[in-house]
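Novice: need a 3D model of the sequence below.
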Amino acid sequence: MGIPDDPVITPCSYTLRKLDKGEYVELWYFTNDGLDEANTKKTIDDDTMILSTLADGSTAWVSSALTRNVRAVVNDENLPFEEFCQACPRFLTVIEEADWPEDRVRMMAHFWMNIQVQKY
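Specialist: You can find the predicted model right below:
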């Protein structure tokens, strides 16, 4: 076993759980900023309970693994092209590691490649 050639891509637990369920995840989580936030959150155990404000305004104790910093997340349509280009290969690596079907991984790769090479 030698020294790894590629950096490890580890998005936050929230993102990995959504991908395991096949749910939509913003590409921002795979940008430098998104991965930096994930590294910051790793200092908090996933089983740690934190006080969170719910949608109805009430508060409740929830697992830190289920939370995210909504204010930091950039919607895909507002993601700068440079960050989009950072996120796509990282997303593909993570879904391959999550054992997504090969045809789905290939479909996403072709879709994003076509966006990146289009003339307009």
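Novice: these two touch, right, F84 and W28?
Specialist: No: counting by Cβ atoms under 8 Å, F84 stays clear of W28, with 9.6 Å between them. All C-beta atoms are positioned from the backbone trio N, CA, C, and that covers glycine.
Novice: common neighbours of the two, please.
Specialist: D76 (Cβ atoms under 8 Å, 6 or more residues apart in numbering).
Novice: more neighbours: which of the two?
Specialist: Neighbour totals were compared for F84 and W28, and W28 leads with 21 against 17 (other Cβ atoms under 10 Å).
Novice: who's the closest spatial neighbour of that one, skipping the chain neighbours?
Specialist: V74 (4.5 Å; Cβ to Cβ, 6 or more residues apart in numbering).
Novice: tell me the SS of W61?
Specialist: Per DSSP: H, G, I helix; E, B strand; the rest coil, the local secondary structure of W61 is strand.
Novice: check what pLDDT it gets.
Specialist: Looking at W61, its pLDDT is 74.
Novice: measure how buried it is and give me the count.
Specialist: Counted with other Cβ under 10 Å, W61 comes out at 9.
Novice: so what's it bridging to?
Specialist: Using DSSP bridges, the beta-bridge partners of W61 come out as L51.
Novice: distance of the residue nearest in space to the middle of the chain from A60?
Specialist: For the chain, the residue nearest the mean C-alpha position is Y29 (3.3 Å; Cα atoms, centre = their mean). Distance of Y29 to A60, computed by Cβ to Cβ, to the nearest Å: 24 Å.
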